[in-house]
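In: model this:
(chains A and B)
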Amino acid sequence: MLRAILLIVRKDLTVEVRSRELAYTTLFFAVSCVLVFAFSLVQEGRAAEGVGAGVLWMAIMFAGNLALGRTFERERQSETLRALMLVPAPRPAVYLGKLTGIVLLLAITEAVLVPLVALLFESALLSHPFWLASVVATGTVGFAAVGTLFAAMLVRARSRDVLLPVLLYPITVPVLIAGVRATVAIAQPEFEVDVVRFWLMLLIAFDIVFITLALWTFEPVMTD
Amino acid sequence: MPKWFQPTTLLCAALFAISPFVIANAPYESTMGLVQKVFYYHMPSAWVFLTASVICGSASARFLATGNPRHDRTALAAAEMAVLFGLLTLVTGPLWARKAWGTWWIWDARITSSLVGWMIAWAYLILRQYGGPGSEKLAAGLALFGTANVPFIYVSVNYWRTIHPATTVVPKLPFSMGFPLLFCLAAFYLLMFLLMKLRTRVAEQQARLDAIYLSLDEQA
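Out: The predicted structure follows:
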């Protein structure tokens, strides 16, 4: 099982390293998002307090949506989806492999996004790097866990490009709320560890419940 | 249609026709006055919305587990009920809130989770409408996720603050207010039941028609 997951991740990474399509497009899109927000929200050189956290999470979710749609679209276009489904490994391994790939890709994007947002919105995001990394990591896993399942499900559906955000955003509202609240608490001058810990626990619970559900539903929804 | 359907429809129509008089006879609430009467339609529609969402989620889970299309038809009908009664809830709520709290909308836990739940029910219908063949399974997955999501939305929003009346208010209502509430609850639940019956029947007939077409194609 673990070997199958690693093989799928390696396959996705090899394809990505050769084309760099997803990394470049996702990163560029995420940066453009942040710029658009900066132009619309920063007035007279200053952004309103706490806006940085919101912008960070919106950029992650928008860029994530783009990347999710694209990874499965690539499988469909090169007609490798059937091969992926025929892999002699349990279906959940395919899901976990794809999920790991997406999370890695988003981690690269976030490594650029966080300093950029901190700079443009004068937000003290990096004052507690350990807590920020935990919140961003758990939030990304939660978002990607739902997103990977939905993107995989939609790959054979009509109008999948439009449907993915329609389905994904209402479901990931808790991730957005918890992520933004925790990030706001981290960036505040007086750091309240209890608040951050509460939201982090909520994110971890969300991750566990939704990965378990996705592992259970991946098999029936991906079988014709 | 079964024999009981027509009389039950008449009964439901009668309940709704009488309900304004029952509500008008209920006493005025001491602080909110007339506007509190929205409550007699607001709470039943919210309950029906919640019930329909739960039916949709559990029927979807059963559909995913067994593959029986009957559960899928139930889930579809329940999702449509959830969208309809959710809309009623979300319209009557602000009407009441404007007078009672002085604002149309508040990001309170119950309101926000209702809104998101309603959006998920709507997304379910959009997926079924535009997803093409095979979308019923995908929609079932979505319904399952939507149901699992409710506690998370609730907890996350509740951590801000909440001013919604607690559910413990309802059993303590005096009879003069409790009776109209129960009356309206009965009317709304009966309406949901009838509409769902109708909707699943339409879906059943569609499935049968499709099966007939297919068998004709095979013979030709």
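
In: Next, the contact list for the most centrally placed residue in chain B, please.
Out: In chain B, the residue lying closest to the centroid (CA atoms, centre = their mean) is residue B:49, at 2.2 Å. Shown in contact with residue B:49 (CB atoms under 8 Å, 6 or more residues apart in numbering or on different chains): B:81-82, B:85-86, B:88-89, B:114, B:117-118. C-beta coordinates here come from the backbone N, C-alpha and C atoms, glycine included.

In: and if you look at residue B:42?
Out: B:89, B:92-93, B:96.

In: Among these, the buried ones, what's the ChimeraX command?
Out: Filtering those down to the buried ones (16 or more other CB atoms under 10 Å in any protein chain shown) takes a single ChimeraX command:
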select /B:89,92,93,96
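
In: Up against chain A, what does chain B have?
Out: B:64-65, B:67, B:116, B:119-120, B:123, B:126-127, B:130-132, B:134-135, B:137-138, B:140-142, B:144-146, B:148-149, B:152-153, B:155-157, B:159 (CB under 8 Å from any CB of the partner chain).

In: Give me the subset of those lying in helices.
Out: Members of those lying in helices (criterion: DSSP state H): B:64-65, B:116, B:119-120, B:123, B:126-127, B:130, B:135, B:137-138, B:140-142, B:144-146, B:148-149, B:152-153, B:155-157.

In: can you give me the helices for the chain?
Out: The chain I'm using is chain A. A:2-19, A:21-41, A:51-77, A:81-85, A:91-120, A:129-154, A:160-171, A:173-187, A:193-222.

In: Wait, chain B was what I had in mind.
Out: Going by DSSP H, chain B shows helices at B:5-25, B:39-66, B:69-100, B:109-130, B:135-158, B:175-219.

In: Next, count neighbours for residue 59.
Out: This is for chain A. Residue A:59 has 25 neighbouring residues, counting by other CB atoms under 10 Å in any protein chain shown.

In: was after chain B, sorry
Out: For residue B:59, using other CB under 10 Å, the count is 23.

In: Might you report the residue contacts of it?
Out: B:71-72, B:74-75, B:78, B:143.

In: Report the separation between it and chain A.
Out: Look at residue B:59 and chain A: by CB to the nearest CB, to the nearest Å, they are 14 Å apart.

In: Out of the helices of chain B, which gets nearest to residue A:83?
Out: Of all those, helix B:135-158 sits nearest to residue A:83, with 21.4 Å by CB to CB.

In: got the CA coordinates for the closest one in CSV?
Out: This file holds the C-alpha atoms of helix B:135-158, laid out as CSV (Å, rounded to 0.1, in the frame of the first residue of the first chain):
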residue,chain,number,x,y,z
SER,B,135,-23.4,12.2,-11.7
GLU,B,136,-25.8,10.5,-9.3
LYS,B,137,-22.9,8.7,-7.6
LEU,B,138,-20.9,11.9,-7.4
ALA,B,139,-23.8,13.7,-6.0
ALA,B,140,-24.2,11.0,-3.4
GLY,B,141,-20.6,11.5,-2.4
LEU,B,142,-21.2,15.2,-2.1
ALA,B,143,-24.3,14.7,0.1
LEU,B,144,-22.3,12.5,2.4
PHE,B,145,-19.6,15.1,2.7
GLY,B,146,-22.2,17.8,3.2
THR,B,147,-23.8,15.9,6.1
ALA,B,148,-20.5,15.3,7.8
ASN,B,149,-19.7,18.9,7.4
VAL,B,150,-22.5,20.3,9.4
PRO,B,151,-20.9,19.9,12.9
PHE,B,152,-17.7,21.5,11.7
ILE,B,153,-19.5,24.5,10.3
TYR,B,154,-21.5,24.8,13.5
VAL,B,155,-18.5,24.5,15.9
SER,B,156,-16.4,26.9,13.8
VAL,B,157,-19.0,29.6,13.6
ASN,B,158,-20.3,29.1,17.2
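
In: residues contacting residue A:74?
Out: Going by CB under 8 Å, 6+ apart, residue A:74 touches A:15, A:21-22.

In: What is the nearest of the contacts of residue B:59 to residue B:193?
Out: Using CB to CB, those come closest to residue B:193 at residue B:78, 11.1 Å.

In: need the residues of chain A near chain B, please.
Out: So chain A meets chain B at A:146, A:149-150, A:153-154, A:156-159, A:162-163, A:166-167, A:170-171, A:173-174, A:177-178, A:181, A:198, A:202, A:205-206, A:209-210, A:213, A:217, A:220-221, A:224 (CB under 8 Å from any CB).
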